[in-house]
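Chemist: Sharing a model that was predicted from the sequence below.
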Amino acid sequence: MKTASFIVAALSICTLSALPSAFAAERTVLTFDPGSSDVRASPLAGACAINVMQVSDQRFTKDGVGVDTPILTTPPQAWVANSFDSLAAYGFTVQHSVKPVPTAVNVNVDLIRAYTWFGNMRINGMVAVDVSFPAKPGAPVEKFRSAGSKSNMMGANSEHVTALNYAANSMVGKLAPALLKHCKDAKLASN
């Protein structure tokens, strides 16, 4: 074998071994945007304090989103927590403490699904969370699912995040009246 073949082989091995780290660095940042929404929030009478104690990623595929095309993303916990912060538009006071707050509705949030797919010149997003109430033993886990979509303008990875934000904002619109039902218990605890 010629020396040139050994050099090409060595360079190929070095290049291939560098590929995983090169791709790992190219992750799309999941940033929550309350403006990516078709839902118009308005304050709800009787809204109370919500304490998000924990957000966990329970998805099967934790590396990213994209059913048709894999899109590597940053971890979703901050994105989910920020989506809960948008409950403030519904009149809730949102805080984040790992310890239960006696005057708040304390919740743990499990992200079950967050993915995107293409359809008819659109990028569609789906978000699903399970919300549990650790301060209320025996309380059932409440499940919230929602979808959203945006037109596929450039095929950019950020558009997948926007589609997920449409889904997340729609889900928050469903969360607000459901959490309002728990506010009575939080207000009783504050008395």
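Modeler: Sure thing, it's come through.

Chemist: pretty sure residue 168 is touching residue 85, no?
Modeler: No - using CB atoms under 8 Å, residue 168 is not in contact with residue 85; the gap is 11.2 Å. Glycine gets a C-beta too; all of them are placed from N, C-alpha and C.

Chemist: tell me, what's touching those two both at once?
Modeler: residue 32 (CB atoms under 8 Å, 6 or more residues apart in numbering).

Chemist: These two - which one has more neighbours?
Modeler: Legend: neighbour count by other CB atoms under 10 Å for residue 168 and residue 85, higher for residue 168 (30 against 17).

Chemist: show me the contacts for the more buried one.
Modeler: Residues counted as contacts of residue 168 (CB under 8 Å, 6+ apart) are 32, 79-80, 83, 127, 146, 148.

Chemist: how about CSV for these, with pLDDT, distance to residue 91 and neighbour count added?
Modeler: Formatted as CSV, those follow (pLDDT from 0 to 100; distance: CB to CB, whole Å; neighbours: other CB atoms under 10 Å):
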residue, pLDDT, distance to residue 91, neighbour count
32, 96, 19, 21
79, 97, 23, 23
80, 98, 21, 23
83, 97, 16, 27
127, 98, 22, 29
146, 97, 20, 20
148, 94, 23, 24
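
Chemist: out of these, who's nearest residue 133?
Modeler: When the contacts of residue 168 are compared for distance to residue 133 (CB to CB), residue 80 wins out at 16.7 Å.

Chemist: Many thanks, we can stop here.
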